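Colleague: How does the following fold in three dimensions:
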Amino acid sequence: GEAYFDVAKDARHPFRVSVGGTRIEVLGTTFNVRVDDKDIETALFTGSVRLTGDHLPQPITLTPGRKSIYDRTTHAVAITDNDPRADTGWKDGYLVFNSLPLCDVLRKVQDWYGVDIRLADQRLAGDLLTGSFHNETLESVMQSLSLQYGFKYTVRKNHVVVIR
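Modeller: The predicted structure is shown next:
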């Protein structure tokens, strides 16, 4: 899931978001939270947020323009620059990829369209892709990706299989 927040500052009534054992305390801000099976990403645009959690050794305070990526398996946290277009493009119908491996692109497509995608040929999994789609159908996205990578695919109800 993913949510974008624009929270007014109120020191007497802090706004908190709890997800997957991680807590985000909002200190008057705009930010985006994206959660999937692998990661919890918090991208900060204005204000400040403080991250705490059962598996975080110490609180993390983000500053505007920064993003935390918490790996739900290893409990590692990476702090990077955020990308407003990639981190909030979904609000405006944009599906954006910035140098992502094809396996992660397909995972995003899978989540976006609510389908199950299986990559039969794992040799393509690590190929990096940068690009975006705006209000495209699943068929249009899969057709574009197949032209880029030269693969074939089948779509049956909510299942997509990518084959070489």
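Colleague: and stretch 146-156, how far out from the chain's middle?
Modeller: Taking the mean of its C-alpha atoms, stretch 146-156 sits 23 Å from the chain's own mean (CA atoms, centre = their mean, to the nearest Å).
Colleague: likewise stretch 54-67?
Modeller: Offset of stretch 54-67 from its chain centre (CA atoms, centre = their mean): 17 Å.
Colleague: any chance you could map the helices in this structure?
Modeller: For the chain, applying DSSP state H gives helices covering 84-88, 102-113, 138-149.
Colleague: what comes into contact with stretch 142-161?
Modeller: Residues from elsewhere that reach stretch 142-161 (CB atoms under 8 Å, 6 or more residues apart in numbering): 102, 105-106, 109-110, 114-118, 120-121, 124, 127, 129, 133, 136, 138-139, 162-164. For glycine as for every other residue, the C-beta is placed from the backbone atoms N, C-alpha and C.
Colleague: residue closest to the middle of the chain?
Modeller: Central residue of the chain (CA atoms, centre = their mean): Arg34, 5.0 Å from the mean position.
Colleague: Enumerate every residue touching Val96.
Modeller: By CB under 8 Å, 6+ apart, the contact list for Val96 reads Asp83, Arg85, Ala86, Gly89, Gly131, Ser132.
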